[in-house]
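S.K.: Pasted the sequence and its predicted model underneath.
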Amino acid sequence: DNETGKTTNISERDYYFTESEGHFPERFTLFFKNQILNTNDSGLMDETISMYPNPGHDMITIRNSSNQVIQSIIIFDLQGRRVKAIPVNNSELENTFSVSLLPQGIYMIEVEGESSNIFKRLIKN
């Protein structure tokens, strides 16, 4: 706040002020920190979850090469309807499940991790 001389890190706390109605283009100066986001513990990432075979017909495998626990695997149709929930076995790197009863089409697979979710597109033929 150039008027009060107060500096506030708004990423740490909110800043409130009261001012009468008007136009004050010189009141504030914003500084942005240029940094790369740390991805060491950011949860599941697209490249750490693989799904095969795709297109698939009968059995599909999801492989988790991250150090994150998979909470759930859910299949959605393209209208967003939940089609199937897959039981997850976190003691294994791979979870294999049947899609043989699903009609041919395109589905979205949601892999829910501890702190993030990944979506994969499945083509069922």
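M.R.: On my side now, so go ahead. What you see is a predicted model; the values in this text were computed from it and never measured.
S.K.: So which residue of the chain lies furthest out from the middle?
M.R.: Ser20 (41.8 Å; Cα atoms, centre = their mean).
S.K.: Before we move on, what's the pLDDT of that one?
M.R.: The confidence metric pLDDT takes the value 80 at Ser20.
S.K.: again, but for Phe24
M.R.: pLDDT recorded at Phe24 is 78.
S.K.: okay, now it: neighbour count?
M.R.: Other residues within reach of Phe24 by the criterion other Cβ atoms under 10 Å amount to 10. The way it works is simple: take the backbone N, C-alpha and C, and place the C-beta from them, glycine included.
S.K.: So which bits of the helix or strand that contains Gln71 are buried?
M.R.: Mapping Gln71 onto the secondary structure by DSSP states H and E places it in strand 70-77. When burial is assessed from 16 or more other Cβ atoms under 10 Å, strand 70-77 yields the following buried residues: Ile70, Ile73, Ile74, Ile75, Phe76.
S.K.: Now do the end-to-end distance for stretch 90-104.
M.R.: With Cα to Cα, to the nearest Å applied, stretch 90-104 spans 29 Å between its terminal residues.
S.K.: hey, what's the closest residue to Leu78 other than its chain neighbours bridged with?
M.R.: The spatial neighbour of Leu78 that comes closest, neighbours along the chain excluded (Cβ to Cβ, 6 or more residues apart in numbering), is Ile106 at 5.8 Å. With beta bridges defined as DSSP bridges, Ile106 has these partners: Ile123.
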